[in-house]
Structures are given as structure tokens and as C-alpha cells.
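# just coords:
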Ligand code: DAH
């Protein structure tokens, strides 16, 4: 009997009704002649005399709670009904909109890049943000004292003079290495992620940003394949008229290496302040994976070749929306973020 009382009490606490007739139904179900509580009062007659006091009290509490709840719901319903009758409430009015959240611009761009490469048959891979020196530098052909290490100001987690120190990855190229170590050939993979560099924060530099790395390794992969993949990507991302150009560059992990510019989609090559009058915008670095890098991860460089590329997502977002202060991407100011609601 005790359980039954508790169970009905719970039911009463959670009871909601949407109309006066529903309230009446609830009253009959609980307190009517054949109601659940009325039935308990019948049962009460056969309770042992020494328990009568305890159960009697509980039953009365239950009955009062049910009556009070029903009365409260009735009053609320009548108040609304009165307002409706007086024309103060328009029940046909559409409800209020819930304010919609929006996706972060970097997340929107990442998704776009990933979707484009997914269509080309690339898988998505992620790797750790806290990495070791081996995956960020050594396996990518940065010898210990190579000046290129200085190009990327590294946050070290452990003492940098120990062997293979732990650090925050400075680029997503480290995920390339992890893919080469673990995936079966051929590899066609895209690796989005957050990277860290010890830079003073300004409108043009930040200590945290995002990159997407791409890697394609198979037999007979050529520079022409790379150029075509990047051209197709650029046209999907920036529009079908987009042109690309490649400038020779240097990265320790690719040979030859190039930087890729896309034709400025604002002035269409005429020259504007976004492209600084050149008609071109730099979007990524790329190159043919250096045979040393393939060999370091156990891939036969005589049989396989491949290309890699890396791009900054904030940079692409800047080009897309003309937001030139990098800090805005990290401050999470709602006035800024809500401008991207339409992009969902
Ligand atoms: N890891 C380079 C950086 O952070 C970007 C990059 C350049 C990645 C060339 C590549 C590449 O895979 O081939 O600046």
C-alpha cells in the first residue's frame, strides 16, 4: 500500500493537463467514486490496527495533494479561458521562434573543404594535438638543427633538449606521418585539425589556428595529378571560373614544393585591396612527398610516390567573408558569430 501511495504521489507531481476536460478526467481517475485514491481508502479498512495511524496520515496527505493539484490546474485553466473570452489571448498566433545557434565560420569552411575532398574519394583522418618531435619534425625530414624548425615557433610540453620532446603540433603534417605509418596503400586522406605556434597575437597572427592537410600516395602519382586535384578543389571552393597558379617554394617534406594562388574572386584578376592589386590570393602550400619522408614511414619510394598539401582554414574563411582580423575567430563574440547564421 505504501508503494502505491508513493507512486500516485509521483504521478500527481508530474501531472500536466491541456484542457479543462483533461483535468476533470484526472480528478475522476484519482478521486472519483471508483478512483485510485478512493480505492486505497477502501483498502485501508483491512490495514492492521497498529499501522492505521501511519497509513491514515499518508492517505490523507495523498488525497489533499491530489485535490490541491487539481484545484491549481483548474484555476490556471480558467484564468486562460477568461483571457481568451475577453479577447486578450490569440490562440491562433504562431509561437515565438527559438533563437537559432550558428556554426563557427572555421567549422563551416572545414566542412566545405572536407566535403569537396570526400567527393574526390579522400578519407578523413585526425591525429593528436599534443605530439612528439618525431611526427611533427623528424619524420618530415627536418634534421635536428635544420633552420626550418625555427620557422615554426614551437610550444614544448617537455624539455626541448631531451630526445624526442613532446610538443603542441605546429602543423597538421604530423597527421600525414601517422597515416603513412598506419594506413594501407594507396592512401588518399584529408586531415583537418587545430595547430599551435608561439606567436604574439595580433590581427594577422594567432597562437592557435586550423589547417587541413591532404595526402595522396599511390603508384605513379605525378605533379600533374597534384595540380589537377588542387585546381578542381579551388573551382569547387571559389567558383568554376577560378584559375590557379603555382610558385616554386620550399618545405623540408616535399620536393619539389610549391605555393598555390587562386585568382582573386573579388576583382576577378583586375586587382583590389584584398589581393593587394595582384589579382591573386595565396591559399596553400604543396609538393611531391620527399622520398625520405616516404622511407621514414616504411613506404618504398621506388614503387610509390605522392603529393601533399596544407592550407590554413582561417585564411580561407578570411577570403570567403572578408574578415581580416584573426582574433575575431577566437573571441566567440556572439555579435560576430551570429552573422554566420544564414550559412548553416
Ligand atoms: N605544413 C605546412 C605549414 O604549416 C603547410 C604545408 C605545405 C603542408 C606543403 C604540406 C605541404 O603538406 O606539402 O606551413
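On my side now, so go ahead. Because the structure is a prediction, the values reported are computed rather than measured. Numbers count the residues shown, from 1 in each chain.

# okay, now the residue found closest to residue 25 once you drop the neighbours it is linked to in the chain: neighbour count?
Spatial nearest neighbour of residue 25, chain neighbours left out: residue 17 (8.0 Å); criterion: Cβ to Cβ, 6 or more residues apart in numbering. Bear in mind the C-beta positions are built from the backbone N, C-alpha and C, glycine included. Number of residues near residue 17 (other Cβ atoms under 10 Å) recorded here: 18.

# ok, now residue 94?
6.

# separation between it and residue 18?
Remark: distance between residue 94 and residue 18 (Cβ to Cβ, to the nearest Å) = 18 Å.

# my guess is residue 96 is in a helix, correct?
No - the assignment for residue 96 is coil, going by DSSP: H, G, I helix; E, B strand; the rest coil, so no helix is present there.

# For it, give its distance to the ligand.
Counting by Cβ to the nearest ligand atom, to the nearest Å, the separation of residue 96 from the ligand is 47 Å.

# How about residue 287?
Distance from residue 287 to the ligand, counting by Cβ to the nearest ligand atom: 4 Å.

# Note down every partner strand of whichever strand or helix holds that residue and its orientation.
According to DSSP states H and E, residue 287 maps onto strand 280-289. With DSSP bridges as the test, strand 280-289 is paired with strand 254-263 (antiparallel), strand 304-312 (antiparallel).

# Which positions in the longest one come out as buried?
Buried residues in strand 254-263, counting neighbours by 16 or more other Cβ atoms under 10 Å, are found at 254, 257-263.

# again with the shortest one
Burial within strand 304-312, assessed by neighbour count using 16+ other Cβ under 10 Å, is assigned to 304-312.

# Show the average pLDDT along it.
Across strand 304-312, pLDDT averages out at 97.

# How about the first one?
Regarding strand 254-263, the rounded mean pLDDT is 96.

# residues in contact with that strand?
If you take Cβ atoms under 8 Å, 6 or more residues apart in numbering as the criterion, strand 254-263 is touched by 223, 230, 234, 238, 241-251, 269, 279-291, 293, 307-309.

# One more: the shortest one?
Strand 304-312 is touched from outside by 113, 171-173, 176, 185-187, 209-223, 225-226, 229-230, 253-254, 260, 283-289, 294, with contacts defined as Cβ under 8 Å, 6+ apart.

# Filter the residues you listed down to just the ones in helices.
Assigned to helices by DSSP state H, the following of those qualify: 113, 173, 176, 223, 225-226, 229-230, 294.

# Relative to residue 28, which of the buried residues of strand 254-263 is nearest.
Set against residue 28, the nearest of the buried residues of strand 254-263 by Cβ to Cβ is residue 262 (73.2 Å).

# Residues of the stretch 101-250 of the chain that sit close to the ligand?
171, 173, 213 (Cβ under 6 Å from any ligand atom).

# Let me see the contact set for the first one.
Which is residue 171. Residue 171 touches 136, 152, 195, 211, 213, 310, counting by Cβ under 8 Å, 6+ apart.

# pLDDT score for it?
95.

# now the last one
In the predicted model, residue 213 carries a pLDDT score of 97.

# Enumerate every residue touching it.
By Cβ under 8 Å, 6+ apart, the contact set of residue 213 is 171-173, 175-176, 190-193, 308-310.

# one more time with 7 Å, if that's ok
Residues counted as contacts of residue 213 (Cβ atoms under 7 Å, 6 or more residues apart in numbering) are 172-173, 175-176, 191, 308, 310.
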